[in-house]
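Q: Coordinates only, no sequence provided:
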Ligand code: GRF
């Protein structure tokens, strides 16, 4: 069976990368990580790739005069390795509409809120300030606008009285580590289709979590 060739783009810690690495090690998992790419040479996640024996590369945005040149360098790394799907996992550079279009429906992201609510940074602070009772994470196809695009999978977690941003982030991160591999599996199995602005999934994954995969 040929496995979907995946690149994971990171900027920092890489805990979602680690969850994806572990998933891809599961016998029969339909995807393999062929490249881990960071814009930040100091990203801790690069070490996780090395430890797992996965090829990694750094494309430091500070080495390029403009965004197009930076993205052309990323693009050529991806093409050189035959990447079929790009997973953003804490990648902290905004991508241009050109790049997003080139990888349309082959580029996914995880965001730590129940999109379309709470796009952007400082998510957990804003969730707590709003008094929301639920938050969670969303895996979605990337579109030109930040944290926008067809939703593949979501997991909801409760917001507890007395939560601070760190406690809520940790609870959501735990959900992210299940949600991202589950979304990758669905895509790699060819069960995800983009229909207009929405995603159709032919079977929802079995799970005890509050997953939502719009049909
Ligand atoms: C995660 O919370 C992810 O949702 C967000 O950035 C964070 C990355 O964490 N996009 P890690 O580097 O995967 O640990």
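A: In hand now; what should we look at? Everything numeric in this text was worked out from a predicted model, so none of it was measured.
Q: Mind listing what's buried along the lengthiest helix in the chain?
A: Counting residues, the longest helix found in the chain (DSSP state H) is helix 165-188. For helix 165-188, the neighbour count (16 or more other Cβ atoms under 10 Å) marks 168-169, 171-173, 175-188 as buried. Where you see a C-beta, it was placed from the backbone N, CA and C, and this is true even at glycine.
Q: now, which of these lie close to the ligand?
A: Among the buried residues of helix 165-188, the ones lying near the ligand by Cβ under 6 Å from any ligand atom are 173, 176.
Q: mind checking how far the nearest residue to residue 117 once chain neighbours are set aside is from residue 18?
A: Closest residue in space to residue 117, ignoring its immediate chain neighbours: residue 132 at 7.6 Å, by Cβ to Cβ, 6 or more residues apart in numbering. Residue 132 sits 28 Å away from residue 18, going by Cβ to Cβ, to the nearest Å.
Q: ok, the residue of the chain found nearest the ligand - contacts?
A: Nearest to the ligand, among the residues of the chain, is residue 90, at 2.7 Å (Cβ to the nearest ligand atom). Applying Cβ atoms under 8 Å, 6 or more residues apart in numbering to residue 90 gives the contacts 10, 11, 12, 13, 14, 16, 17, 45.
Q: does it count as helix, strand or coil?
A: coil (DSSP: H, G, I helix; E, B strand; the rest coil).
Q: So what touches stretch 73-84?
A: Residues outside stretch 73-84 that contact it (Cβ under 8 Å, 6+ apart) are 4-7, 9, 34-35, 37, 55, 57, 59, 64, 86, 99, 102-103, 106.
Q: Go again with 10 Å.
A: 2-9, 31, 33-35, 37, 39, 55, 57-61, 63-64, 85-86, 91, 93, 95, 98-99, 102-103, 106-107, 187-188 (Cβ atoms under 10 Å, 6 or more residues apart in numbering).
Q: Run a quick check on residue 55 versus residue 34, I expect a contact.
A: Yes. Using Cβ atoms under 10 Å, residue 55 is in contact with residue 34, at 6.6 Å.
Q: Pull up the overlap in contacts between those two.
A: With contacts taken as Cβ under 10 Å, 6+ apart, residue 55 and residue 34 have 7, 81 as neighbours in common.
Q: And the two? Which one has more around it.
A: Set residue 55 next to residue 34 and count neighbours by other Cβ atoms under 10 Å: residue 34 wins out with 19 against 14.
Q: Quick check: the more buried one is in a helix.
A: No. Counting by three-state DSSP, residue 34 is located in no helix; its state is strand.
Q: Let me see the contact set for it.
A: Contacts for residue 34 (Cβ under 10 Å, 6+ apart) come out as 3-8, 54-55, 78, 80-84.
Q: if we can go back for a sec, the contacts of stretch 73-84 in strands, which ones?
A: When DSSP state E defines the strands, the subset of the contacts of stretch 73-84 inside them is 4-9, 31, 33-35, 37, 57-58, 85-86, 107.
Q: Break down this structure into its helices, ranges please.
A: Along the chain, counting by DSSP H, helices occupy 15-25, 45-51, 67-80, 97-102, 123-130, 165-188.
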